[in-house]
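Undergrad: coords please:
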Amino acid sequence: MKKIILKKIDDTVSPNRIGYRINYEAELNQSQYEAVMHSNGASLVVAGAGTGKTRTLIYRLARLVEDRVPPESILLLTFTRKSASEMLRRASIMLDGRCERVSGGTFHSFALFILRQYANLLSYDLSFNVIDQSDCEDTVNLLRSQLKLDKTRKRFPHKETLAKIFNLSVNRQETIEDVVVDDYPYFIDEIDKINQLYRQYSEYKQRYNLMDYDDLLLNLYILTKNYPQVQSELHQRYKYIMVDEYQDTNRLQHDIVINLAGPGENVMAVGDEAQSIYSFRGAEFQNIMNFPKSFKECSIFKIEENYRSTQQILDVTNKIIESAVYSYRKELFTRKKEGELPKIITAENERQQSLFIVQQILELREEGIPLDDIAVLFRSGFLSFDLEIELNRANIPYKKFGGLKFIETAHIKDLLAYFKILFNPKDIISWHRVLLLLDGVGPRTATRIVDLISEDKINFKGNLNLSYLPKGKEEIENLLSFLTDLNNTKLGLGEKASAISEYYKGLMKNKYDDWQRRWKDIETFIAITERYKNVNDFLNDMTIEPPTESVAGLEPESHEEEFLNLSTIHSAKGLEWRAVFLIWALEGRFPSAKSVETVESLEEERRLFYVACTRAKERLYITYPTNIYDRESGVVLSKPSRFLENVDESIAERYVLQEWSPDEN
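TA: Predicted coordinates for the structure are as follows:
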């Protein structure tokens, strides 16, 4: 009789294709299956548009769990929390509840999670606050004024530009000088002062226990690069890493992934270089191209079967992208063989283009395609203005993607400031914000009060001492008393939100003429807080992955149940519609005149064009007006986009619009 022994399960995986609960081979196509069954070592999954990228990630996650990889040791990094949550939810439904224990989230939320454990190594308190883009700009502006850089004779960058320079410097891992030379050459003479301001800004955040979004990534990178003990602990904790939308990573995120990989290099990156369109946010196209070179060995899987579009549309999109200078060559195909040829349409002018689109939308709706399943896409927001006029005249309801996010509205930022103070009494930015809401309190008085708080002469935690306050400032006394009482109560987060909102209501009435409309947002805010048990988790979520839409200003004026979609292409990525109109496919507009100056920018325009066309499932219309006078360049634009040069009439029908009267034969 053979002896039975105990064998320790290795923490690396050899796929056992027998006994899986999920029939991976039957439920996936061959390319997806090969990627899902990959186990150890680095891998890159190049997934073309509409090829089931998310499905591949979900099935691989489930397969790892089926192969007894502890779910907590799998790290899934995505670009939105919603995306991570949806993947884990679907994997759990498909397999079981173990998948919910997978560590999933955005780069920034993961960074925050790690920094809450190790920030003290970087001379931060673990209770540091995270400041958003607006707070960052306000802080930069405050320091800019203190250094009297707003009084210089020469033009000096505004706060938004300075914040962007700092952002690009961190995320690209470049010096301030490099960013200014490449992106803002007209400020070259101010580099020394910009560097001085950046140093002041960095010291300010450290002094007051603050981090901005960029600090989260930078400090995570520092921990994983310069602290061997932290790196070792993370390698022990996370054995398998999966990264979604790798083409959208910046250089800093790429370096973090490499640092997290560990000795086993069990990293799978999933993405599509042909959909890399966010360089203006710091995304580095070369990351996905160089990914295989970053590891000892890297398997590359290409997924090319498309489940979204007809073959007729794919023939056009394949032709558009085949001329790309840098790419993983792939040919998208589908089993959907029946469909209409895409149409390329020349209009005499912008108004004729708009009238045609309105007419065609009405015809599509009569054919049974609802407005919700139709989209008009454009390179830049201003390109839809004329069309919007014609849509209004035709009484076609539409939604245009864009506008302020919920978290960026002033009234919500005001309410968050109170919570930030309760969590971190040293949050000087939030103190400034709430003090300046008070009647009769200007920047000078606010700064004086903030100094007293910084010196701990005023502390609302415990017994409140008001003897240092300037006389006659009753509203300041009321604010401090209110915060003291609130801090000392056992109220739940929702109850505290209600109390703060009622206190704020009086201030809001004085500040905004439309306070009733804004109050709907505050009701939403209160409802959100009721989901949380502690202020730490609430502030983390509101700062890192906040709700995206404000109720105020988004309610439709009509009671229509369906709306046409108008969107910039950047906002449309990841979405799909049965019918898509791509307008202004005109040389000088798309690509823009400026983009042709470098190969890199021109290639990004090509990818943007490709992304727009791959949103279409059944119908694709590409239109452009001619004889357009461009005031900036002083020339008449009349040629179709260069991206259509290789699209011949065998794969796309070409039309010229002309006016027609029923009286004509």
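Undergrad: check contacts around the closest residue to Arg642 other than its chain neighbours.
TA: Spatially, and ignoring its direct neighbours in sequence, Arg642 is nearest to Glu587 (6.0 Å; Cβ to Cβ, 6 or more residues apart in numbering). Any C-beta I mention is one placed from the backbone N, CA and C, and that applies to glycine too. Going by Cβ atoms under 8 Å, 6 or more residues apart in numbering, Glu587 touches 637, 639-642.
Undergrad: could you check the pLDDT of Glu587?
TA: The model reports Glu587 with a pLDDT of 91.
Undergrad: also the one 4 residues further on?
TA: The predicted local distance difference test score for Pro591 is 91.
Undergrad: Glu605 is in contact with that one, correct?
TA: Yes: between Pro591 and Glu605 there is a contact under Cβ atoms under 8 Å: 3.8 Å.
Undergrad: who has more neighbours out of the two?
TA: Pro591 (23 against 20; other Cβ atoms under 10 Å).
Undergrad: any idea of the mean pLDDT in the longest strand seen in the chain?
TA: Longest strand in the chain by number of residues (criterion: DSSP state E): strand 616-625. Per-residue pLDDT values across strand 616-625 average out to 96.
Undergrad: okay, that strand in PDB with CA atoms only?
TA: This file holds the C-alpha atoms of strand 616-625, laid out as PDB (Å, rounded to 0.1, in the frame of the first residue of the first chain):
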ATOM      1  CA  ALA A 616     -20.700  52.000 -33.300                       C
ATOM      2  CA  LYS A 617     -22.500  48.700 -33.200                       C
ATOM      3  CA  GLU A 618     -24.600  48.800 -36.400                       C
ATOM      4  CA  ARG A 619     -24.500  52.200 -38.100                       C
ATOM      5  CA  LEU A 620     -21.500  54.500 -38.500                       C
ATOM      6  CA  TYR A 621     -21.800  58.000 -40.200                       C
ATOM      7  CA  ILE A 622     -18.600  60.100 -40.600                       C
ATOM      8  CA  THR A 623     -19.400  63.600 -41.700                       C
ATOM      9  CA  TYR A 624     -17.400  66.800 -42.500                       C
ATOM     10  CA  PRO A 625     -18.300  70.200 -43.800                       C
END
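Undergrad: circling back to that earlier point, what's the closest of the contacts of Glu587 to Gly105?
TA: For those, the residue nearest Gly105 by Cβ to Cβ is Ser641; the value is 38.6 Å.
Undergrad: hmm, the closest one is touching Leu582, no?
TA: No: checked against Cβ under 8 Å, the pair Ser641 and Leu582 is beyond contact range at 9.4 Å.
Undergrad: so what sits against both of those two?
TA: Common neighbours of Ser641 and Leu582 (Cβ under 8 Å, 6+ apart) are Phe609.
Undergrad: list the contacts of the longest strand of the chain.
TA: Residues outside strand 616-625 that contact it (Cβ under 8 Å, 6+ apart) are 308-310, 313, 316, 339-340, 342-350, 352-353, 356-357, 360, 364, 369, 576-586, 589, 613, 640-641, 644, 652.
Undergrad: any of those residues buried? List them.
TA: 308-310, 313, 316, 339, 342-347, 350, 352-353, 356-357, 360, 364, 369, 576-586, 589, 613, 640-641, 644, 652 (16 or more other Cβ atoms under 10 Å).
Undergrad: from those residues, which land in helices?
TA: With helices taken from DSSP state H, the overlap with those comprises 313, 316, 350, 352-353, 356-357, 360, 364, 613.
Undergrad: look at Lys337 and give its secondary structure.
TA: coil (DSSP: H, G, I helix; E, B strand; the rest coil).
Undergrad: and for it, nearest residue in space, chain neighbours not counted?
TA: Gln311 (5.4 Å).
Undergrad: try Gly588
TA: Gly588's closest residue in space is Leu637 (Cβ to Cβ, 6+ apart), at 4.1 Å.
Undergrad: tell me the bridge partners for the one you found.
TA: Ile628 (DSSP bridges).
Undergrad: contacting residues around it?
TA: Per Cβ under 8 Å, 6+ apart, neighbours of Leu637: 586-589, 626-630.
Undergrad: taking those residues together, which two end up most distant?
TA: Glu587 and Tyr629 (14.0 Å).
Undergrad: now do the shared contacts for Pro591 and Glu605.
TA: Joint contacts of Pro591 and Glu605 (Cβ under 8 Å, 6+ apart) are Phe643.
Undergrad: thinking again about what came up before, quick check: the residue nearest to Lys337 vs Lys573, distance?
TA: 22 Å (Cβ to Cβ, to the nearest Å).
Undergrad: and Leu149, by the same measure?
TA: 37 Å.
Undergrad: so what's Gln173 up against?
TA: Counted by Cβ under 8 Å, 6+ apart, Gln173 has contacts 251-252, 255.
Undergrad: which pLDDT value belongs to it?
TA: pLDDT at Gln173 comes out at 86.
Undergrad: phi, psi of it?
TA: phi 60, psi 50 (degrees, to the nearest 10).
Undergrad: can you pull the contacts of Met87?
TA: Contacts of Met87 (Cβ under 8 Å, 6+ apart): 54, 57-58, 61, 76, 78, 104, 244.
Undergrad: quick one: which of these sit in strands?
TA: Those of the contacts of Met87 mapping onto strands are 76, 78, 104, per DSSP E.
Undergrad: just checking, which of those comes out lowest on pLDDT?
TA: Lowest pLDDT within the ones in strands among the contacts of Met87 is found at Gly104 (84).
Undergrad: neighbours around Ile569, how many?
TA: Neighbours of Ile569 (other Cβ under 10 Å): 21.
Undergrad: which stretches in the stretch 51-200 of the chain count as strands?
TA: 74-78, 103-106, 129-131 (DSSP state E, counting those that start in this stretch).
Undergrad: weakest of these in terms of mean pLDDT?
TA: Among those, strand 103-106 scores lowest, with a mean of 88.
Undergrad: restrict that strand to CA atoms and write it as CSV.
TA: Output in CSV follows, covering the C-alpha atoms of strand 103-106 (Å, rounded to 0.1, in the frame of the first residue of the first chain):
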residue,chain,number,x,y,z
SER,A,103,-8.2,43.3,-3.1
GLY,A,104,-9.6,45.7,-5.8
GLY,A,105,-9.7,49.4,-6.4
THR,A,106,-8.1,52.3,-8.2
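Undergrad: list the helices and strands that strand packs on?
TA: strand 74-78, helix 81-94 (3 or more Cβ pairs under 8 Å, 6 or more residues apart in numbering; DSSP states H and E).
Undergrad: re the thing from before, of the contacts of Glu587, closest to Ala91?
TA: Ser641 (40.8 Å).
Undergrad: now do the closest one, the pLDDT please.
TA: For Ser641, pLDDT reads 94.
Undergrad: one more: Asp125?
TA: Asp125 carries a pLDDT value of 91.
Undergrad: next: the one 3 residues further on.
TA: In this prediction, Phe128 carries a pLDDT score of 92.
Undergrad: next, count neighbours for the nearest residue to Pro640 once chain neighbours are set aside.
TA: Of all residues beyond its chain neighbours, the one nearest Pro640 is Tyr624 (5.5 Å), with distances taken as Cβ to Cβ, 6+ apart. Tyr624: 25 surrounding residues under other Cβ under 10 Å.
Undergrad: appreciated, that's everything.
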